[in-house]
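Asks: Next input, structure requested:
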Amino acid sequence: METYCDILRAIGAGAEKPTHIMYKANLSWTVMQGYIKTLESQGLVLPKEDDGKKLYHLSDKGYQLLNQFLSIREDLNLSPE
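Replies: Just a heads-up that it's a prediction; the model follows:
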């Protein structure tokens, strides 16, 4: 769950390119691709083509989930690493 939220947080913070998401979430390429596919199938992340390059954005559902996760983390007084 934490890894999914790391990816959502990276995209929400402005990382659109897959390599930027990979680095911000501290994942390998193949692992990140698997997580992104899952997030896409859940409707949390939306892919977009721009000049032949794939970019990712959060859907409204993705923003809601990310905000809920961050709220729970704050309520539990957990530091954001």
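Asks: Would you map the helices across the chain?
Replies: Here the chain has its helices, by DSSP state H, at 2-12, 18-24, 29-41, 60-75.
Asks: If I take the last one and helix 29-41, what angle do their directions form?
Replies: Same thing as helix 60-75. 110 degrees (axes from the mean of the first three to the mean of the last three C-alpha atoms, to 10 degrees).
Asks: re earlier: which stretch among the helices of the chain comes nearest Lys54?
Replies: helix 18-24 (6.5 Å; C-beta to C-beta). For the C-beta atoms, the positions are set from N, CA and C on the backbone; glycine is no exception.
Asks: got the buried residues for the closest one?
Replies: Using 16 or more other C-beta atoms under 10 Å as the burial criterion, the residues of helix 18-24 that qualify are 18, 20-22, 24.
Asks: For it, the averaged confidence score.
Replies: Helix 18-24 comes out with an average pLDDT of 96.
Asks: Who are the packing partners of it?
Replies: Counting contacts by 3 or more C-beta pairs under 8 Å, 6 or more residues apart in numbering; DSSP states H and E, helix 18-24 packs against helix 2-12, helix 29-41, strand 53-58.
Asks: Check the offset of the longest one from the chain's centre.
Replies: Averaging C-alpha positions (C-alpha atoms, centre = their mean, to the nearest Å) puts helix 29-41 9 Å from its chain's average.
Asks: what does it rub up against?
Replies: Residues from elsewhere that reach helix 29-41, judged by C-beta atoms under 8 Å, 6 or more residues apart in numbering: 3-4, 7-8, 18, 21-22, 25, 27, 45-47, 56, 62.
Asks: Now do Glu2: how many residues are near it, please.
Replies: The number of residues packed near Glu2 is 8, by other C-beta atoms under 10 Å.
Asks: Model confidence for it, exactly?
Replies: At Glu2, the model reports a pLDDT of 87.
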